[in-house]
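Visitor: no sequence for this one, just the structure:
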């Protein structure tokens, strides 16, 4: 593995981890709010 190759990997993996973390965070933040539970009106 050349020095350049090693440098690319040392920069790429932390960047990839940050992008994955950011993606998961944004998915949780931007998801729609849960719908309120519907009352069961079929009670006889």
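Guide: Sure, I can see it. What you are looking at is a predicted structure, and each value in this text was computed from that prediction instead of being measured. Numbers count the residues shown, from 1 in each chain.
Visitor: the helices in the chain, which residues?
Guide: For the chain, helices defined by DSSP state H occupy the ranges 3-30.
Visitor: Point out where it drops to low pLDDT.
Guide: Along the chain, the parts satisfying pLDDT under 70 run over 40-44.
Visitor: now the most centrally placed residue in it: how far from residue 4?
Guide: Nearest to the geometric centre of the chain sits residue 24, at 1.1 Å (Cα atoms, centre = their mean). To residue 4, residue 24 is 31 Å away according to Cβ to Cβ, to the nearest Å. In this view, the C-beta of every residue, glycine as well, is placed from N, C-alpha and C.
Visitor: ditto for residue 10
Guide: 11 Å.
Visitor: next one: residue 33
Guide: 48 Å.
Visitor: Looking at the two, which has the bigger crowd around it?
Guide: More crowded of residue 33 and residue 4, by other Cβ atoms under 10 Å: residue 4, with 8 against 5.
Visitor: Please name the residues that touch the more buried one.
Guide: Counting by Cβ atoms under 8 Å, 6 or more residues apart in numbering, residue 4 touches no other residue.
Visitor: cool, and the one 5 residues further on?
Guide: For residue 9, the contacting residues are residue 1, by Cβ under 8 Å, 6+ apart.
Visitor: what's around residue 23, how many residues?
Guide: When neighbours are defined as other Cβ under 10 Å, residue 23 has 10 of them.
Visitor: Same question for the one 3 residues further on.
Guide: Residue 26 is flanked by 10 other residues according to other Cβ under 10 Å.
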